[in-house]
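[1] 3D, please:
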Amino acid sequence: MESLPQKVFDKMMDKDYCSQWMGVEPLLIEEGHCKIKMIVKKDMLNGFGILHGGITYAFADSAFAFASNSYGRVAVSITGSMSYSKSATLGQVLIAEAKVLSLSYKTAEFDVDVYEEKSNEIYARFRGVVYRKSAEH
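    Predicted coordinates:
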């Protein structure tokens, strides 16, 4: 039987056209924890031939969204920030791993690490807070 976090992920991905475009694939979906992967494509590169920072942010934000909604309540981002430590290039496989830091009735805070699949080297770090609505998925 499919778990609640997996059901929520499937429902969200059905209409998450940005994550679909990025080629997001789930690796781990559980309450408060999500690992997804993507391959850096040509149309994700900026003028310097490296992964556009906005795409990196969107990738981390997708992991953040899936993890924060994994409890079954609708959660929407109210703040997020990212720091970049390394540039990704065409063909690299990146992982975004989101983990809950704190969870309350109305808010939750998460960290997301974006790292290269083979080396596990961190490329970017994201921290975000969601507002947890009363509505359920």
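[2] where do the strands sit along this structure?
    Assigned strands in the chain, in chain order: 25-30, 33-39, 73-84, 93-103, 107-116, 122-136 (criterion: DSSP state E).
[3] what distance separates the fourth one from the centre of its chain?
    How far strand 93-103 lies from its chain's middle: 7 Å, per CA atoms, centre = their mean, to the nearest Å.
[4] got a list of contacts for stretch 68-80?
    Stretch 68-80 is contacted by residues 4-5, 8-9, 12, 29-34, 57, 61, 64-65, 98, 100, 103, 107-108, 110, 126-137 when judged by CB atoms under 8 Å, 6 or more residues apart in numbering. Where you see a C-beta, it was placed from the backbone N, CA and C, and this is true even at glycine.
[5] Could you rerun that using 7 Å?
    Contacts made with stretch 68-80 from outside it, assessed by CB atoms under 7 Å, 6 or more residues apart in numbering, are listed as 4-5, 8, 12, 29-32, 34, 61, 64, 108, 110, 126, 128-133, 135-137.
[6] Same question for stretch 49-57.
    Everything outside stretch 49-57 that qualifies as a contact, by CB under 7 Å, 6+ apart, is Val40, Met44, Leu45, Asn46, Met82, Tyr84, Ser87, Ala88, Thr89, Val114, Ala124.
[7] what's near enough to touch the first one?
    If I follow you right, that is Val40. Counting by CB under 7 Å, 6+ apart, Val40 has contacts Leu51, Ala88, Thr89, Leu90, Gly91, Gln92, Leu94.
[8] and what of Val8?
    By CB under 7 Å, 6+ apart, the neighbours of Val8 are Asn69, Ser70, Gly72, His137.
[9] Try it again at 10 Å.
    Residues in contact with Val8, defined by CB atoms under 10 Å, 6 or more residues apart in numbering, are 29, 31, 65-66, 69-75, 136-137.
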